[in-house]
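Just a sequence and a predicted model for now, questions to come.
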Amino acid sequence: MSPHFQTISELRSFREGLKRSRDPKSPWIAICCGTGCQACGALEVLEAFRGKIQEMGLKDRIGIRATGCHGFCERGPLVVIRPQKICYMNVTTEDVSEILHQLANGGGVIERLLYQDPLSNQRILYEEEIPFYKFQQRIVFGNNGEIDPTDIDDYIRIGGYQALEKVLSTMTPEAVIQIIKDSGLRGRGGGGFPTGIKWEACRRAKGKEKFVICNADEGDPGAYMDRSLLEGNPHSVIEGMLIGAYAIGSEEGYVYVRNEYPLAISNLTCALDQARAYGLLGKNILGSGLNFQIKISRGGGAFVCGESTALMASLEGRVGEPRAKYIHTVEQGLWNQPSNLNNVETWANVPIIINRGIEWYTSIGTEGSKGTKIFSLVGKINHTGLVEVPMGMTLRQIIFDIGGGIPKGKRFKAVQTGGPSGGCIPESLLDLPVDFDRLQEAGSMMGSGGMIVMDEDNCMVDMARYFVQFLEEESCGKCTPCREGLQQMGRILKRICRGEGKKGDIELLEDLSLVMIESSLCGLGLTAPNPVLSTLRYFREEYETHIQEKRCPAKFCRELISFSIRPDQCTGCGACARVCPTQAIKGERKKVHFLESQKCVKCRACVEACKFEAIEIN
Amino acid sequence: MLVEVEGLDEILRKHGYQRAALIGILQDIQSRMNYLPRKALQYVSKCLEIPLSEIYEVATFYKAFHLEPRGKHTIQVCLGTACHVRGSQRILSYLETLLDVKAGGTTKDLSFSLETVNCLGACALGPLLVIDRKYYGKMETGKVESLLKKYR
């Protein structure tokens, strides 16, 4: 029977009891079961651990937890032996009994499963010494590895809901808002608007009722930190929302989450049920008089619903079209009532600020951007994963020290930040300290924190085309500049990528961009030209080569390349001919093969299949 | 005459017959029936007293909804940025050639529906292919055909 707390002191003594009930030195195994690791077989590994522990009679000696994402997705499934934090990577079911034997017999590590430094070839034992983790400061994300997200007791044991206690017992709503304002916390979802100011405006606004909303419609492709937070530590978001509700004076909250995130939805649903059972959601929470409930609303797969007014329209069950914001949503949002919307990561920062104080919090970060930011480091990078770093760390540190640089010895070309509304940052700006303002100055933006790394094989015109096409599909069509502007830009960019670019195309793109920036209705249209403008700013010559020479310098654009077989390299093994979907490659065994370019669809299957680098791209 | 479509009442009841829950209702209908049949939408329209045109407005706005029957297996090609820079477009083109169907379509024999998706957040595995919710990472065009054989 779960407890239902009537007072703050009941919750406190329950927490003390939880802490006492577990010896901090006793060993337990954390198995990362985030979406990334699950896709690599983490659930099978978890089952194997459960079975073996039972079989070996270790149930009382070794604990086991399925945790949320640890961040180092490249090396999943991850298994961490705690409390020492020995980190095993790419663990398979076959490794399980060896790990348990070592652990049961007290000592010994399995070398082959440890991280190996690519330069020194040394194996690294502890999680915090691996370069990927060493340079991070994981104040928001770090707890993912400590807890089972489906067990509220785990969260309470590590100090969960303590910030709520503090707020309810010692602070007025105004004092809470003041702290959030003083902390300098800015919205982690994209715009970087000061959170405390938003809360204050919503508190002051007049309305029958007020709403607190969590934006988990993480639409930026290549960004998945919000999902991983909801999956791995849903109570931290709930606690943040509770504190926000108290400060603003709201009794009803919503989490708007992408339907493509099934695990996040199920872990959040479970967390909400547990919080309700414990009396942390509902009427008269902890005897404080605060009433608050949270509902989940699943998105329908529309990027524009990440925009606040569109999101609220979608919450009302309508199409997600934004409206003009001459009246802010903090005054008239959901059902025309004052509504405060913050992103997942922003909410998760709130309890931390309350617990640890503004002095500590403001010591992290830069002048205009306080605290940390979680980035998803993806694309052409050795250590794909989620990283949390203090604001102001340079791109070079993030990409090379933490991310381990570019695979296959290729050369770094650009990093795309800020999602489809962001921009591409070139090599010359690698020493740029990353915060809200500096990224904006460089023609990009923070966005929700996606960092897509590109190497010499990526074409920047194609990149601009990709984002414009993405936005063209996602534009809701309500306002003309966005709807028509994106279509025109898309057409021009596609033409350039096909080698049909004309003189004046670049100027036309710039012209269209300006019109869209000046006259679009919502953030989607206002920022949509960013990928085009930033690539034009830093990679103009690449556009010119496409237009004037009809050539793609990165050999990426399909219409501008052709394939042939090098007679001197071809061994006649036939691997290419077998994978070719259009039978464009012919040849007898052990004789030089021949590629019919009329039939070739340029899918590159042959390039991948050939072990002798005999396929030439011209 | 209003004919009850099987299971619909249960879904509507779960959502409290609320207009605001329309998106959730349509999601649940789709996960039960694999697409949104017209008669189901008509039934929802009657029960919730919303014009059918408004239901279609919502059903056609959001990408997640399908108005045509789906294939037995759903193939999703992730076209998120991370997968894109690793060449997911080529995987898609290859699949389109192989199955003779465009993205968003269903093969004539109703065995496969080919979809694209904007990032599933498993970027370490890119290019990513998902068949019936099972993830296949680090995909290469050369691996696709043998993978599909499992589902034929």
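Thanks, I have the structure now. Numbers count the residues shown, from 1 in each chain, chains lettered A, B, ... in the order given.

Next, the contact list for A:Tyr254, please.
Contacts for A:Tyr254 (C-beta atoms under 8 Å, 6 or more residues apart in numbering or on different chains) come out as A:Phe211, A:Val212, A:Ile213, A:Cys214, A:Ile294, A:Lys295, A:Ile296, A:Ser297, A:Leu315, A:Leu334. In short, each C-beta sits where N, CA and C put it, glycine included.

hang on, the first one packs against A:Gln337?
Translated: A:Phe211. Yes - between A:Phe211 and A:Gln337 there is a contact at 6.1 Å, judged by C-beta atoms under 8 Å.

Looking at these two, which one has more neighbours?
A:Phe211 (24 against 19; other C-beta atoms under 10 Å in any protein chain shown).

check which helix or strand covers B:Tyr135.
strand B:134-136 (DSSP states H and E).

what packs against that strand?
strand B:129-131 (3 or more C-beta pairs under 8 Å, 6 or more residues apart in numbering or on different chains; DSSP states H and E).

so how far is the strand it packs on off the chain centroid?
12 Å (C-alpha atoms, centre = their mean, to the nearest Å).

cool, and stretch B:57-72?
Distance of stretch B:57-72 from the chain centroid (C-alpha atoms, centre = their mean) equals 7 Å.

how about that stretch: buried residues?
For stretch B:57-72, a neighbour-count test (16 or more other C-beta atoms under 10 Å in any protein chain shown) marks B:Val58, B:Ala59, B:Phe61, B:Tyr62, B:Lys63, B:Ala64, B:Phe65, B:His66, B:Arg70, B:Gly71 as buried.

so what strands line up beside the strand holding B:Tyr135?
strand B:129-131 (antiparallel) (DSSP bridges).

ok, so what distance separates the residue positioned nearest the centre of chain A from chain B?
By C-alpha atoms, centre = their mean, chain A has its centre lying nearest to A:Tyr224, at 2.5 Å. Applying C-beta to the nearest C-beta, to the nearest Å, one obtains 3 Å for the distance of A:Tyr224 from chain B.

quick one: that residue and A:Ser376 touch, right?
Yes - under the criterion of C-beta under 8 Å, A:Tyr224 makes contact with A:Ser376 at 5.5 Å.

shared neighbours of these two, anything?
In contact with both A:Tyr224 and A:Ser376: A:Leu386, B:Gly121, B:Cys123, using C-beta under 8 Å, 6+ apart.

Phi first, then psi, for the spatially closest residue to the second one that is not a sequence neighbour.
It stands for B:Gly121. Of all residues not flanking B:Gly121 in the chain, A:Tyr224 sits nearest, at 2.9 Å (C-beta to C-beta, 6 or more residues apart in numbering or on different chains). Backbone torsions of A:Tyr224, given as degrees, to the nearest 10, read phi -140, psi 30.

okay, A:Tyr224: pLDDT?
Per-residue confidence at A:Tyr224 stands at 93 (pLDDT).

give me every residue that touches it.
Going by C-beta under 8 Å, 6+ apart, the list of residues near A:Tyr224 reads A:Thr35, A:Glu218, A:Ser376, A:Leu386, B:Cys119, B:Gly121, B:Ala122, B:Cys123.

number of nearby residues for the last one?
Residues contacting B:Cys123 under the criterion other C-beta under 10 Å number 32.

on that earlier part again, ok, which of the contacts of A:Tyr254 also contact chain B?
A:Ser297, A:Leu315 (C-beta under 8 Å from any C-beta of the partner chain).

Okay, and which of the contacts of A:Tyr254 map to helices?
Of the positions in the contacts of A:Tyr254, A:Leu315 sit in helices, assigned by DSSP state H.

List the contacts of residue 126.
The chain I'm using is chain A. Contacts for A:Tyr126 (C-beta under 8 Å, 6+ apart) come out as A:Gln84, A:Lys85, A:Ile86, A:Cys87.

Chain B, not that one
Counting by C-beta under 8 Å, 6+ apart, the residues that B:Gly126 touches are A:Val378, A:Gly379, B:Cys78, B:Gly80, B:Ala82, B:Cys83, B:Arg86, B:Ser88, B:Gly137, B:Lys138.

which of these lies closest to A:Asp568?
B:Arg86 (29.4 Å; C-beta to C-beta).
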